[in-house]
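**Student:** quick one, what's the 3D model for this:
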Amino acid sequence: MKIPINYKVLSVILLLAVLLLAGQIGLNAYSGYMTETVSDSYTAGYGDGVAAAIRQLVVETGNCDPVPVRFDNVTRNLIDIACLQQG
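**Tutor:** This is a model prediction of the structure:
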């Protein structure tokens, strides 16, 4: 007893399987790219924030006045060491 094979149905099923596989591969590649892009953006933003904070401290301590820096519930007053050596 031989089962008849419908090649049109078989070719449609194979085509759908190939399209789904290609779509999954493309989705995985895009997802990896987006994850890397977002991670790089956060890293760059963090670096820019740190640089801006340091730049602001350098500018504000330039006139020899103490600059209060707060973190959580702790406050420290920063002053340029060169200002202490002048006085």
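**Student:** could you use CA atoms for every contact and neighbour count after this?
**Tutor:** Fine.
**Student:** need the contact list for the closest residue to residue 65 other than its chain neighbours.
**Tutor:** Using Cα to Cα, 6 or more residues apart in numbering and skipping the chain neighbours, the partner closest in space to residue 65 is residue 79 (6.4 Å). By Cα atoms under 8 Å, 6 or more residues apart in numbering, the contact set of residue 79 is 61, 64, 65, 66, 67.
**Student:** quick one: residue 79 from residue 32, how far?
**Tutor:** Taking Cα to Cα, to the nearest Å as the measure, residue 79 falls 46 Å from residue 32.
**Student:** partners of the helix or strand harbouring residue 69, with directions?
**Tutor:** Using DSSP states H and E, residue 69 maps to strand 67-71. Sheet partners assigned to strand 67-71 using DSSP bridges are listed as strand 74-78 (antiparallel).
**Student:** next SSE downstream of the strand it pairs with?
**Tutor:** Once strand 74-78 ends, the next helix or strand along the chain (criterion: DSSP H and E) is helix 81-86.
**Student:** and that following helix, how far from the chain's centre?
**Tutor:** Its chain's C-alpha centre and that of helix 81-86 lie 40 Å apart, by Cα atoms, centre = their mean, to the nearest Å.
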